[in-house]
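Asker: what's the 3D shape of this:
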Amino acid sequence: MSNKKILAIVVSLIMVLSLFAGIGLRNEVARAATLLTDDFEDGNSDGWSTSNGSWSVVVDGSKVLKQASTGSEARAYTGSSDWSDYSVEAKVKVLGVKDSSSGAGVIVRYKNSGTFYALVLRGSKVEIMKKMNSSSTTLVSKSFTLNKNSWYNVKLEVSGSKLVGYVNGSQVLGVSDSSIATGKAGLIADKCIAEFDDVVVSSSSGNITPTPTPTPTVTATPTPTPTPTSTPAGDIQLSDSYGALKVLYANGVTASSTSQLVIKVKVQNTGDRAIDLGRVKVRYWYTGDGADVEGLTVASSLGSKVAAKVVKVGATAGGADRYVEISFASGVVLNAGSTTSEIRVTVSRASGSYNQANDYSVMSATSYVENKKVTGYIDDVLVWGQESSRTEKIKVLYANGATASSTSQLVIKVKVQNTGDRAIDLGRVKVRYWYTGDGADVEGLTVASSLGSKVAAKVVKVGATAGGADRYVEISFASGVVLNAGSTTNEIRVTVSRASGSYNQSNDYSVMSATSYVENKKVTGYIDDVLVWGQEPSRGIKAADSTPTVAPSPTPTPTSTVTPTPTPTPTPTSTATATPTPTPTPTTVPTPAPTPVPGVNAIYVAPSGSPDNPGTIDRPTTLEKAITIVQPGQIIYMRGGTYKYSVQITIERNNSGTSNARKCIYAFPNERPILDFSSQPYGSVDSNPRGLQINGNYWHIKGLEVMGAADNGIFVGGSYNIIEQCEIHHNRDSGLQISRYISSATKDEWPSYNLILNCTSHDNMDPDNGEDADGFACKLTAGPGNVFRGCVAYYNVDDGWDLYTKSETGAIGEVLIEDCVAYGNGQTSNGSATSSSDGNGFKLGGSNIKVNHTVRRCIAFNNNKHGFTYNSNPGSITVENCTGYNNGLKVSGRNFYFEEGTHVLKNCLSYKESASSDLVSGTIINCVLWSNRQAIKPNGQLVTDNDFYSLTPTITRNSDGSLNLGDFLKPKPGSGLEGIGAR
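Answerer: Okay, here's the model as predicted:
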C-alpha cells in the first residue's frame, strides 16, 4: 500500500535536551513530525498535481513515480500551500537527459509553476535554486557528478530564511533567502526522464545551519575520509559516522607459514569528541586453514579491560572464514585525537600451520600503518575499513505491522531475498532492525515464521542513543536452511513489546511506514557478519574536519592476559509458528502473528465478555464497548470463538484514528473470531441491517470472519481504512461493499483510499432476486483511490467484483484491483442461483458512464458469464497481465469482453475449452486472446493444455496472507507464453 499521509493537525515540534557527560555531544536534538509520505505502492499518484511533463506510476523493482519527458521543466506537487518550515526528502534517479543542464530533485514552498525553491542534481553540479515569477536563479551550488540510473537520497530543508540541502544523508549546501515564505512540497524533473520514490515531508527541526563546510564533490554513495581500498558494493553504503576512528596495525610474525598469528593493533580516535571504548570493536579477518582448536592470548597495558575472541563464519570467501574480535570494557575513555597503546593478540594452533598468504587482513608491515582490512566498529556499526567480501548476495524486504508513531509494540516484518547466483545457507545470514528503546529496560520478543524454530531473534543494546538507534533486533537462522538463488523467504514477523510506556517510532532509524513489502536499506543484512545490504546508522561520534596530529604513544611493557575463546552467544529461544500445511481451498484466511503481551495498551474482547469489564485479557469486554473507548494507536484484540449478533455493529463517522495512529480490531493471534449475524431479520432491501459497518476513517480490521448478515457482511463508508485477511461469507448481499455511509453524503464524503488486502468473500446470496450479492463491491457512490489486493471472490450468486455506476449518482472513483482471483461466480457453492444472477468474474462498470479502472495480475476462471467485462463502461480501462480461463460456463460469456471504449489490454492471456470469442475495443498489446475456439501465441502456434504446468485450480495462502496458486495456469518455460498472463 502506498502511504499517503497528510496530518489533519500538524504535530508540534518537541525539543529534547540530552546531556552527555565527557563526550561533548550536541545537547539539542530536534524531533520532527511527519506531514506526508508516499511510496506509490498503491499504484497511483493520487493527491499529487503536475505541471508539464508526463507523470505516471511505474514498476522499477518497487512502484515509483516516473516523469518520462525531456521536453521542459516538469513538476509534481502536493500538500498545503500554508506549509512554511519543513523538509522534503525523496529517492531520485535520473534515467535520461536532454543536455548537460538537465537534472532532478525536490521542491519546497511551491506557490505555482513560476515560484518555488528546489534542490536539483544536475550533470556537473548540485544547486539550490529559486524560481521567482518564472525567473530562475541559482542561490548556491557546488561541483557534483550525476550518475544516471543511480538512486540518490535528496533532501531540502527550509526554516525561516534558511535552506539546507542534503545528498545521501550528507549536508552539501546551505543558503539564506526570504523571498518565498510558504508553499507546497514537490518534485522536479528539468528536461530529464527521472523516477522518484519514498517521498517524506517532515516539519522542520529549526536547527539548520545555512552554510556548511564545503566538500569538493558529491557522488552517488558519499565517500568519507579516509577512502576505503575499494568501493563498497551497490547494495551497501557506509555509515554517516565512517571515519570516526582508525585502526593502526603491525604484524608480529610475517612468515607466510606459521603456527602463530601475532596481531598488533592500536585504536585512534579521529573524531571530534571522546569515546567510551566499551562501544568499540576491532576485527582481524583470516583463514583458519583447517584449525579446529585455537589458543588465544591478549597483551595490553589495559589488562583485563581488553579481551579477544575468535568467531568462525560460514564459508571461506574473500580471504576469511573467521575473525579475531577485540573488545573493551565499558568506562575506558579515549579522548579525541588520542591513540591507545599497543594491543597484541596471539592466535596459535596445536598442530599444522597457518598460511598467511590466504588471509584477508594480513600485511607484512612490522611498524604501525593504517590497515583498512582490519575493521573497526562503534556500537556494531562499521566505521573503519572494508570487510572481507562475500560471494553471495541478499537484500532485505520490509513491511511495518504497526505504523502508529506511539505504540507499545513494534511489529517488524521482513523477507530475505537471495539476489546472487548461488544458493546460500541461511545459517550464515543475519538481519538487523535498528531502533530506539525509549527507556525500555525489559522487552518481550516473539517470532512468527513458517520456518518455526529455525529462525530466532534477539535484542542487542548498543552503547549510546545516536542516529535513531540505541539497540537492534537481530534475526538469525539455523544452519541447514537453504535459500536458492532468486528465491525469497516467507514472512518473518518479530514483535518487540514493553510492559509499560510506549515506543516513539518516529525516533527509529530503520522504521518506514510501508505496510506492503519494500526494499529498506536501513534494515541491514549480513553474510558471515559482513555487511552486504543497507546502511548502518550513524553513531554519536563523528569524524573531525581534519585528521589530528598524534604524538607517538610509548610502548608499555605488556601485561599478559590470557583470554580463552569465549563460548558463542547462544541463539535465544523464540516463539515461532510451525511450518504450515497448505490448505486446499481458500476458505481459511490465516492470521500469523506472535502472541501479544497481555495488558499492554490493548483492549480485549471475547464472546463471553461484559460491557462492565475493563477490557483486560482476564476480564474482556464486548466489541461494541471496545469500539467506543479505543484510542488512536490502540488495538482491540478479539479472542477466538463465535460472537452472535442480531443487530448491526457500527463504527460511527466521528470515531476515527489518524494517519499515523490507526484504530485497530485484530483477531487474537492464532485464534479465529467469528462474527455471526445470522439471527438478523431479513426485511426490506433498503433497510436490512449490515454486519460490521465502518463509517470512520483510519481503521485497520484484520483476521475476522464475518457471516450471515441480512445485508453486507462488511460495509465501508469511511476512508483510509484497511480490511485485511478477513473472510466474509453467506451474507444476504455483497460480502464487502464500499459505498457512501448515508444517502445524504456529498461526493467529497464518498469513501476513498481504502485498502482491501488478502481477503476472501464467498457464498453471498440475496434472497429477493439473486442479482445483488457480489463477493466485493465498490459501486454506486465510492470515491477515488480504493484498492483490492490479494483477494479471492468465489461462488457468489452475482459477480465476483462489481464496480457498477448509475446515472442518478454519476461516476465513481477509479479503482485498482491487483493480484486477485474470481471463480465460480453466478451461483453459490451448493448451486443456488436465479435467472437474474449474472456470474461475471470482474464487472467493471455500468450505465455507459466512463471510469478508468485498472486491473493487474488477476485471474478469472470458471465463472458462469464473462471473466473480465467492461459492463457498459465506455472509458479507458487498463487490464494488464491478466488471465481469463474457461469462463462462460452457463451463458454465452467471454474471457474478455470490452465492446465499447478505448480500453487497453496488455500482456493478457485467454484460454478456454469452448464458447464465445473475446471482444475488445481499444488497444491490444502483446496479448493472446481466444478467437474462433483457439488462442494463437505470438510465435503463431496454438495454445494447448501442455503449455501449462497445471490447469487444476489450487488456491492457498502464504503465512502473510498473500495468495499461493501453485502451478495453476503457470506457463512452462519455452511455451511461448512467457510474460503473458497473470502467472
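Asker: what residue ranges in the stretch 251-400 of the chain score low on pLDDT?
Answerer: For the stretch 251-400 of the chain, applying pLDDT under 70 flags the ranges 314-315.
Asker: where along it do the strands fall?
Answerer: Taking DSSP state E, counting those that start in this stretch to define them, one finds strands in the stretch 251-400 of the chain at 257-258, 260-269, 275-276, 280-286, 294-300, 306-317, 320-328, 333-334, 343-349, 354-355, 369-370, 374-378, 381-384, 394-400.
Asker: Which stretches in the stretch 501-650 of the chain count as strands?
Answerer: Ranges of strands in the stretch 501-650 of the chain, per DSSP E, counting those that start in this stretch, are 503-504, 518-519, 523-527, 530-535, 560-562, 602-605, 635-638, 641-644, 649-651.
Asker: before we move on, what about the stretch 651-800 of the chain?
Answerer: With DSSP E, counting those that start in this stretch as the criterion, the stretch 651-800 of the chain has strands at 663-667, 673-676, 692-694, 699-702, 705-707, 714-716, 722-724, 727-729, 736-738, 755-757, 760-762, 776-778, 786-789, 792-794.
Asker: The fourth one packs against which elements?
Answerer: Counting contacts by 3 or more CB pairs under 8 Å, 6 or more residues apart in numbering; DSSP states H and E, strand 699-702 packs against strand 663-667, strand 722-724. In short, each C-beta sits where N, CA and C put it, glycine included.
Asker: send the alpha carbons of it over as CSV?
Answerer: Extracted C-alpha coordinates of strand 699-702, given in CSV (Å, rounded to 0.1, in the frame of the first residue of the first chain):
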residue,chain,number,x,y,z
TRP,A,699,-9.3,1.8,11.0
HIS,A,700,-7.5,-1.5,10.4
ILE,A,701,-9.6,-4.6,10.6
LYS,A,702,-7.6,-7.9,10.5
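Asker: Let me see the residues that make contact with it.
Answerer: Residues from elsewhere that reach strand 699-702, judged by CB atoms under 8 Å, 6 or more residues apart in numbering: 591, 651, 656-657, 662-667, 692, 694, 714, 718, 721-726.
Asker: what do you get for the last one?
Answerer: Outside strand 792-794, the residues that touch it by CB under 8 Å, 6+ apart are 586, 735, 759-762, 774-776, 799-801, 820-825, 829, 841, 955, 963.
Asker: do that again at 6 Å, thanks
Answerer: Contact partners of strand 792-794, identified using CB atoms under 6 Å, 6 or more residues apart in numbering, comprise 586, 760-762, 775-776, 800, 821-824.
Asker: and what of the second one?
Answerer: For strand 673-676, the surrounding residues in contact (CB under 6 Å, 6+ apart) are 638, 640, 642-644, 667, 704-708.
Asker: what lines up beside it in the sheet?
Answerer: Partners of strand 673-676 in the sheet, by DSSP bridges, are strand 641-644 (parallel), strand 705-707 (parallel).
Asker: ok, Thr515 to Lys850 distance?
Answerer: The gap separating Thr515 from Lys850 is 31 Å, by CB to CB, to the nearest Å.
Asker: wait, isn't Val797 in contact with Ala773?
Answerer: Yes. Between Val797 and Ala773 there is a contact under CB atoms under 6 Å: 4.9 Å.
Asker: hey, what's in contact with both of the two?
Answerer: In contact with both Val797 and Ala773: Met765, using CB under 6 Å, 6+ apart.
Asker: Buried residues, the helix or strand containing Ala250. List them.
Answerer: Ala250 belongs to strand 245-251 when assigned by DSSP states H and E. Residues of strand 245-251 classed as buried: 245-251 (neighbour count, 16 or more other CB atoms under 10 Å).
Asker: Could you list the domains of this structure?
Answerer: Domain assignment of the chain by automatic domain parsing yields the ranges 14-203, 239-388+542-562, 394-527.
Asker: With distance to Phe898 added, can I get those in CSV?
Answerer: As requested, those are exported to CSV (distance: least, CB to CB, whole Å):
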stretch, distance to Phe898
domain 14-203, 20
domain 239-388+542-562, 53
domain 394-527, 29
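Asker: Relative to Ile617, which of those domains is closest?
Answerer: Smallest distance to Ile617 across these (CB to CB): 13.2 Å, for domain 394-527.
Asker: Can you give me the first-to-last residue distance of the closest one?
Answerer: Using CA to CA, to the nearest Å, one end of domain 394-527 lies 8 Å from the other.
Asker: next one: stretch 700-710
Answerer: Its start and end residues considered, stretch 700-710 measures 23 Å (CA to CA).
Asker: Let me see the mean pLDDT of that stretch.
Answerer: The average pLDDT for stretch 700-710 rounds to 98.
Asker: Determine how far it lies from the middle of the whole chain.
Answerer: Distance of stretch 700-710 from its chain centroid, counting by CA atoms, centre = their mean, to the nearest Å, is 27 Å.
Asker: got it, and stretch 855-874?
Answerer: With CA atoms, centre = their mean, you get 31 Å for stretch 855-874.
Asker: Equivalent analysis for stretch 954-967, please.
Answerer: The chain centroid and the centroid of stretch 954-967 are separated by 20 Å under CA atoms, centre = their mean.
Asker: Equivalent analysis for stretch 426-445, please.
Answerer: 17 Å.
Asker: Pull out the buried residues from it.
Answerer: Of all the residues in stretch 426-445, those buried under the rule 16+ other CB under 10 Å are 426-438, 440, 443-445.
Asker: May I see the buried residues of stretch 175-182?
Answerer: Under the neighbour-count criterion of 16+ other CB under 10 Å, stretch 175-182 has 175, 177, 180, 182 buried.
Asker: Relative to Glu808, which of those is nearest.
Answerer: Among the buried residues of stretch 175-182, and counting by CB to CB, the member closest to Glu808 is Thr182, at 41.6 Å.
Asker: what helix or strand is that closest one on?
Answerer: For Thr182, there is no enclosing helix or strand under DSSP H and E.
Asker: ok, the closest residue to it other than its chain neighbours to Lys162 distance?
Answerer: Take Thr182 and drop its neighbours on the chain: the residue closest to it by CB to CB, 6 or more residues apart in numbering is Ser84, 4.7 Å away. Going from Ser84 to Lys162 by CB to CB gives 12 Å.
Asker: Comparing these two, which residue is more hemmed in?
Answerer: Lys162 (20 against 16; other CB atoms under 10 Å).
Asker: can you give me phi and psi for that one?
Answerer: Torsion angles at Lys162 (phi, psi; degrees, to the nearest 10) stand at phi -90, psi 130.
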